[in-house]
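> turn this into a model:
(one chain, ligands or ions: 2)
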Amino acid sequence: MLQTGLARGLAENAGLPLFPVAFLVVGGLILARYLVVAGIALGLVTLFRKPLATRRIQAAPFTAVQLRREFLWSLSSIGLFGLAVAGMLLLRDGGPTLKLYPDIGAFGLWWFWLSIPAGIVFHDFYFYWAHRFMHLPGVFERVHRVHHLSTNPSPLAAFAFHPIEALIELGGILLFATLFPVHPIALALIGFYSLLSNVLGHLGYELFPQGFIRSPALNWINTSTSHNQHHRSINYNFGLYSLIWDRIFGTLHPNYETLFNRVTSHHATREGGALNPLEPAQPPHLTACSSPDQTHFS
Ligand SMILES: [Zn+2]
Ligand SMILES: [Zn+2]
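Residues are numbered from 1 along each chain as shown. Ligands and ions are numbered 1, 2, ... in the order given. Prediction:
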């Protein structure tokens with residue numbers, strides 16, 4: 001495998017132990033990917049904030065304190081991802097648990113291509129329930145609160161997780177690679193799609209066109225509006241890549257489509273689509289957690 005091969009070569013040439021070198025190679029690649037994708041997203045929405053003003057979901061600006069906090073928590077998660085993935089790759093060389101295969105044709109090219117959407121659907125379902133679990137009282141305060149410190153998150157919040165949440169998030173992808181044979185490139189593409197979705201969910205601006213949610217072919221895809229709304233109204237919109245599970249299990253915000261239409265409307269105000277936050281009562285079938293907006297997280 002590319003990363004382990006590179007790590008082995010570097011470790012042998014430098015006379016260093018394999019695991020720390022593998023961690024630096026893998027962690028470095030994950031960090032570079034985050035810096036490029038989240039950095040470009042933040043740069044673009046900052047640069048084009050005036051033409052995008054009517055697409056802003058919440059009026060509150062990103063603050064320096066918020067950006068620093070989101071970046072540092074994301075660095076912590078990336079460090080853990082690097083440790084876990086480096087360990088996984090080294091285990092793969094002699095371990096029975098992960099079904100990574102080096103020959104791209106070993107299970108047919110059809111499976112290589114199918115494994116990517118299959119992994120995304122698997123992770124989407126896993127994440128939905130893991131996310132619901134992390135909103136349970138007792139778990140939320142200890143684990144998921146870190147991610148909800150930002151009620152109007154920026155793209156830098158893509159990996160802003162408590163270490164336990166970072167491992168829970170990564171666990172879904174590792175579980176998929178344990179249950180099904182996956183080529184490392186397919187796994188890397190699933191991880192990249194996950195990063196793109198996380199950055200999009202925390203963009204702070206809605207870029208999809210107004211007709212997006214009226215299209216049955218598209219309205220199951222998660223949007224920036226949906227996840228931003230989750231940061232304000234925390235008992236709704238738990239999905240990662242899709243809104244399928246929110247629709248099936250009744251956790252889609254009742255005013256999601258109204259807010260989306262408002263943000264994407266040409267008549268949206270410069271103050272953003274959430275002038276009226278459109279917050280309904282919590283659904284009775286969920287155990288309510290107090291909203292960060294009401295609990296004065298600092
Ligand atoms: Zn979030
Ligand atoms: Zn949440």
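
> make it CA atoms for all contacts and neighbour counts henceforth
Fine.

> for the protein, which spans come out with low pLDDT?
Within the chain, the ranges that satisfy pLDDT under 70 run 1-16, 92-97, 266-298.

> what do you get if the cut-off is 80, keeping everything else the same?
Per-residue confidence of the chain (counting by pLDDT under 80) places the weak regions at 1-18, 88-99, 266-298.

> contacting residues for residue 115?
Residues in contact with residue 115 (Cα atoms under 8 Å, 6 or more residues apart in numbering) are 182, 186.

> which SSE is it in?
Of the helices and strands defined by DSSP states H and E, residue 115 is found in helix 109-134.

> count the neighbours of residue 90 for me.
Applying other Cα atoms under 10 Å, we find 18 residues neighbouring residue 90.

> any idea how far it lies from residue 188?
When distance is defined by Cα to Cα, to the nearest Å, residue 90 is 16 Å away from residue 188.

> one step back: and the helix holding residue 115, which residues are buried?
Under the neighbour-count criterion of 16 or more other Cα atoms under 10 Å, helix 109-134 has 111-112, 115-116, 119-120, 122-128, 130-132, 134 buried.

> residue 139 and residue 251, how far apart?
19 Å.

> list the helices and strands the strand or helix carrying residue 36 packs on?
Under the criterion of DSSP H and E, residue 36 resides in helix 18-47. The elements that helix 18-47 packs onto, with contact taken as 3 or more Cα pairs under 8 Å, 6 or more residues apart in numbering; DSSP states H and E, are helix 2-14, helix 64-94, helix 184-201.

> that helix versus helix 184-201: what angle between them?
Our comparison of helix 18-47 with helix 184-201, counting by axes from the mean of the first three to the mean of the last three Cα atoms, to 10 degrees, yields an angle of 30 degrees.

> got the buried residues for helix 18-47?
So helix 18-47, judged by 16+ other Cα under 10 Å, has buried residues 18-27, 30-31, 34, 37-38, 41-42, 45.

> cool, and stretch 248-260?
With burial defined by 16+ other Cα under 10 Å, the residues of stretch 248-260 counted as buried are 251, 252, 253, 254, 256, 257, 259, 260.

> my guess is the first one is in a strand, correct?
No: inclusion of residue 251 in a strand is not indicated when DSSP: H, G, I helix; E, B strand; the rest coil is applied; the result is coil.

> check contacts around the residue positioned nearest the centre of the chain.
Computing the C-alpha centroid of the chain and ranking residues by Cα atoms, centre = their mean puts residue 198 first, at 3.1 Å. Residue 198 makes contact with 155, 158, 159, 240, according to Cα under 8 Å, 6+ apart.

> out of the residues you listed, the closest to residue 172 would be?
For residue 172, the nearest member of these is residue 240. The distance, counting by Cα to Cα, is 12.0 Å.

> distance of the closest one from residue 195?
Using Cα to Cα, we find residue 240 at a distance of 11 Å from residue 195.

> more neighbours, these two?
Between residue 240 and residue 195, counted using other Cα under 10 Å, the more crowded position is residue 240 (25 against 19).

> ok, that one touching residue 126?
No: using Cα atoms under 8 Å, residue 240 makes no contact with residue 126, being 9.6 Å away.

> ok, the nearest residue to residue 42 once chain neighbours are set aside to residue 39 distance?
Taking Cα to Cα, 6 or more residues apart in numbering as the measure, residue 42 lies nearest to residue 155, with 5.9 Å between them; neighbours along the chain are not counted. For residue 155, the distance to residue 39 (Cα to Cα) stands at 8 Å.

> and if you look at residue 255?
Residue 255 is 31 Å from residue 39, where distance means Cα to Cα.

> cool, and residue 112?
Taking Cα to Cα, one finds residue 112 at 30 Å from residue 39.
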